[in-house]
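Student: Attaching a predicted model along with its sequence, questions to come.
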Amino acid sequence: MANPIRVLIVDDSAFMRYTIQRHLDADAAITVVGTAQDGIEALQKIPTLKPDVVTLDVEMPRLDGLSTLERVMKQFPTPVVMLSSQTAKGAQTTVKSLMLGAVDFVQKPSGSAETRAVMAVLVEKVKAAAGVHRTKIEQPVQPPPSISHRAALRPFSTGDPLVVIGSSTGGPKALQEVVSHLPADLPAPVVIVQHMPAGFTKSLAQRLNDMCPLTVQEAADGDRLAKGLVLLAPGDYHMEISDKKRIKLNQGPRRNHVRPAVDITMETAAEQFGPSVVGVILTGMGSDGTDGARRIKANGGHIIAEDEATSVVYGMPRSVVEAGLADVVVPLPDVAQTIAKMVSNGRA
């Protein structure tokens, strides 16, 4: 039997520390090696306890979660799962933490009725984080180019290329790398599906917009596709592409246990725009995006997959590659350039 996953719990609340420890220790694959009430205590304990995973509260006194994360990444690179409060500030901080290297996050339960479900999700995310090699979280993101001007929005016409990007665990950091390096004159609209709950995608879109020459915003029902515009599926809504070149949102059944699902966006894009579609599959658990990539390929489009070496979790890209659907497999720093070449050289 493999050694259990060693976890350090960092949380301001004694009750939350107790609750998390009780649920993690109940799983035979996990052992809690210690707890800390704030970042300062955590930084003192990590060198001695050598945890495989740290669960880290976003809001703490003395040294908050974001500041603690930055020091952990610099001094003792360790997979971190954030515990986010259900506030606008908590969402903003959580998104920033994911871009700085946190593997994933869960929302703290708002009441006792939610606790069991939230803790079950935390157990699974701790297990996934434990499988992330430390070199993956240490990988620096290339600094975004300075933005001299914001690209003007230009009409999207039938026959123009359309880029559909799907990502999950590790996705916010990967999206930062890709979107910030897309050229301002990219001759294609971009739509993104990132597995993320409601309340967080707006913050993610805002952060991406701050570092990108393209306009990035959370999609709204009825939004029109345009060159120079990047639309991010809102949490808890599937995003379809209509024949009128507009976004359609719905809360239909989850697919692959997620909503939004990459498959749904890719499939509707492929049905409407056929060979004009370029699909991109980035880091993430599971196989969401494989059926969508298959539909894109069947309709004459092309697929780019992130390689194993740079994927925080090589699940979604692996599924696409092993299905024989990827036209090119490239490391994360090359994805933006590959997109630009593919939509500009007539292949799409």
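Tutor: Perfect, thanks for sending it.
Student: quick one: Pro77 is in a strand?
Tutor: No. Assigned with DSSP: H, G, I helix; E, B strand; the rest coil, Pro77 falls outside any strand and is coil.
Student: That one touches Glu138, doesn't it?
Tutor: Yes. Using C-beta atoms under 8 Å, Pro77 makes contact with Glu138 at a distance of 4.9 Å. Heads up, the C-betas are built off the backbone N, CA and C, glycines and all.
Student: the more surrounded of those two?
Tutor: Taking neighbours as other C-beta atoms under 10 Å, Pro77 and Glu138 compare with Pro77 leading, 14 against 11.
Student: So which residues of the stretch 201-348 of the chain form helices?
Tutor: 201-210, 262-273, 290-298, 316-322, 335-344 (DSSP state H, counting those that start in this stretch).
Student: Residues contacting the second one, please?
Tutor: If you take C-beta atoms under 8 Å, 6 or more residues apart in numbering as the criterion, helix 262-273 is touched by 158, 162, 164, 166, 191, 193, 233, 238-243, 245, 248, 252, 255-256, 277, 279, 281, 288-293, 295-296, 298-299, 301, 316.
Student: Name the residues of that helix that are buried.
Tutor: Val262, Asp263, Ile264, Thr265, Met266, Glu267, Thr268, Ala269, Ala270, Gln272, Phe273 (16 or more other C-beta atoms under 10 Å).
Student: Pull the distance from it to the chain's centre.
Tutor: From the chain centre to the centre of helix 262-273 is a distance of 20 Å (C-alpha atoms, centre = their mean, to the nearest Å).
Student: What residue spans form the domains of this protein?
Tutor: Domain ranges of the chain: 5-138, 154-344, per automatic domain parsing.
Student: Single out the most deeply packed of those.
Tutor: domain 154-344 (a mean of 21; mean count of other C-beta atoms under 10 Å).
Student: quick one: average confidence on that domain?
Tutor: Domain 154-344 comes out with an average pLDDT of 96.
Student: One more: stretch 18-26?
Tutor: Stretch 18-26 comes out at a mean pLDDT of 96.
Student: picking up where we left off before, output the domains of the chain as JSON lines; include the columns distance to Ser146.
Tutor: Converted to JSON lines, the domains of the chain look like this (distance: least, C-beta to C-beta, whole Å):
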{"stretch": "domain 5-138", "distance to Ser146": "18"}
{"stretch": "domain 154-344", "distance to Ser146": "9"}
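Student: Understood, closing this out.
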